[in-house]
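In: need the 3D shape of this:
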Amino acid sequence: MEPKSFLRALFDAAIAAADPMKTIEALLPPPPKGRTLVIGAGKASAEMARALEAHWQGPLSGLVVTRYGHGAETKSIEIVEASHPVPDQAGADAAKRMLELVKGLSADDLVIALISGGGSSLLPLPLAPLTLADKQAVNRALLKSGATITEMNCVRRHLSGIKGGRLAAACAPAKVVTLSISDVPGDAPGDIASGPTVPDPTTCADALAIIAKYRIDVPDGVRDILETGQGETPKPGDPSLPPYEFHLIAAPQASLEAAADVARAQGITPYILGDSLEGESRDVGTVLAGIARQVALRNQPFATPCVLLSGGETTVTLRGTGRGGRNVEFLLALAVALQGNAKVHALAGDTDGVDGAEEIAGAYCGPDTLARAFALGINPAVSLANNDGHGFFQALGDSVITGPTLTNVNDFRAILVL
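Out: Numbers count the residues shown, from 1 in each chain. Have a look, this model is predicted:
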């Protein structure tokens, strides 16, 4: 068994388990008496639309918006591409069109919403009188702050004209069935793409508390929307909401279990540490390195050979000017903490194929990673301090590149201890 190939096989299995073409059919609703309209947003939404068309019996039409480069070929559902993670005008225009599409529906009609991670940025409809520039400024500040995805999406919901259940309310009285791929810790429906089709239990006061916690400087109009309560969203039980259902067609846990099955088939015992690990990427890397060292040295808490699997969404507080992402930051911190441990190999990657702003999924590290870096004149600790994970691993030839996977169940981490 070659460690790098083994770890890549686990990553590929995790991605394959979240393929909409394999998972969507079992959760499709029955066709309605009236029209079937498809809406959606997220990095996986175009492939979800293609899968829906392949399995749906009857006519349908609609519009979904996905990230640039993540489109798919469809027949009846229009695909629009827009910017992620910072929203752009294409996304704003698509959001407006989506609200227009759902107007005038009847109780006999069905709306199928295809929602996946990334939808928050891809449906950036500012709540009046906010502007797209206001939303972009807040989004950039949130991304740099170190806020968790749950916290970021709470703020986003209360500044949006379409998220936090507002899109569902616009569909009334038609029934809304949401088919979703989770990329968030805990799989909370309101956190996936900021929950455009589900009620929102959080409040404007919660959003203000997050802004205060991270000392985020927001435009005056943003603060006014939150302080006056203008940004309040539909809550559970709100009579403005139509009948709705929510179903997960893929989630991080299922992908980790698929990777675990591949490991067992190779004679390596897998241990799933969790599907929703959060915290600063570099801190999570340091902690998991400590666990790996204990396994390697003392066979505690697990006997070797084994692979430690985890998922979730960590955060990066930007301190430097390098090219980074959550996964490569985690992996670089892990490598620094391991100090070339001869028994430990690791891979970390984003299942959508994009870590940070780079078209690179993640990277691999092994016992010789630090030595090879120093031989090239690269100081790993300096790279970590500069948030330059992509620059570091690319120089070593250890980047993991998948291209757009057209799915998204968040981050995947595998630590092999021999």
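In: ranges for the strands of the chain?
Out: Using DSSP state E, the strands assigned to the chain run over residues 36-41, 61-67, 77-82, 110-116, 175-181, 244-250, 269-277, 306-312, 344-350, 362-365, 399-400, 411-417.
In: what helices and strands are in contact with the third one?
Out: The one in question is strand 77-82. Here strand 77-82 touches helix 45-55, strand 61-67, helix 89-101, going by 3 or more C-beta pairs under 8 Å, 6 or more residues apart in numbering; DSSP states H and E. For every residue, glycine as well, the C-beta is placed using N, CA and C.
In: mind saving the C-alpha coords of the helix-or-strand element of the chain with minimal mean pLDDT as CSV?
Out: Lowest by mean pLDDT, DSSP states H and E among the helices and strands of the chain is helix 132-145, with a mean of 88. Output of helix 132-145 as CSV, limited to C-alpha atoms (Å, rounded to 0.1, in the frame of the first residue of the first chain):
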residue,chain,number,x,y,z
LEU,A,132,-24.7,44.7,-3.4
ALA,A,133,-21.6,46.6,-2.4
ASP,A,134,-22.9,46.5,1.2
LYS,A,135,-23.3,42.8,1.0
GLN,A,136,-19.9,42.3,-0.5
ALA,A,137,-18.2,44.4,2.2
VAL,A,138,-19.9,42.4,5.0
ASN,A,139,-19.1,39.1,3.3
ARG,A,140,-15.4,40.0,2.9
ALA,A,141,-15.3,41.0,6.6
LEU,A,142,-17.0,37.8,7.8
LEU,A,143,-14.6,35.7,5.7
LYS,A,144,-11.6,37.4,7.3
SER,A,145,-13.0,37.5,10.9
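In: check what contacts that helix and list those residues.
Out: Applying C-beta atoms under 8 Å, 6 or more residues apart in numbering, the contact partners of helix 132-145 are 85-89, 92, 121, 124, 126, 151-152, 155-156, 159-160, 214, 216-219, 221-222, 317-318.
In: including mean neighbour count, mean pLDDT and distance to residue 235, could the strands of the chain go into JSON lines?
Out: Output for the strands of the chain, formatted as JSON lines (neighbours: other C-beta atoms under 10 Å; pLDDT from 0 to 100; distance: least, C-beta to C-beta, whole Å):
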{"stretch": "strand 36-41", "mean neighbour count": "28", "mean pLDDT": "98", "distance to residue 235": "22"}
{"stretch": "strand 61-67", "mean neighbour count": "25", "mean pLDDT": "97", "distance to residue 235": "26"}
{"stretch": "strand 77-82", "mean neighbour count": "20", "mean pLDDT": "98", "distance to residue 235": "29"}
{"stretch": "strand 110-116", "mean neighbour count": "29", "mean pLDDT": "98", "distance to residue 235": "19"}
{"stretch": "strand 175-181", "mean neighbour count": "26", "mean pLDDT": "98", "distance to residue 235": "16"}
{"stretch": "strand 244-250", "mean neighbour count": "19", "mean pLDDT": "96", "distance to residue 235": "14"}
{"stretch": "strand 269-277", "mean neighbour count": "17", "mean pLDDT": "96", "distance to residue 235": "25"}
{"stretch": "strand 306-312", "mean neighbour count": "23", "mean pLDDT": "97", "distance to residue 235": "27"}
{"stretch": "strand 344-350", "mean neighbour count": "28", "mean pLDDT": "98", "distance to residue 235": "32"}
{"stretch": "strand 362-365", "mean neighbour count": "29", "mean pLDDT": "98", "distance to residue 235": "38"}
{"stretch": "strand 399-400", "mean neighbour count": "22", "mean pLDDT": "98", "distance to residue 235": "42"}
{"stretch": "strand 411-417", "mean neighbour count": "26", "mean pLDDT": "98", "distance to residue 235": "31"}
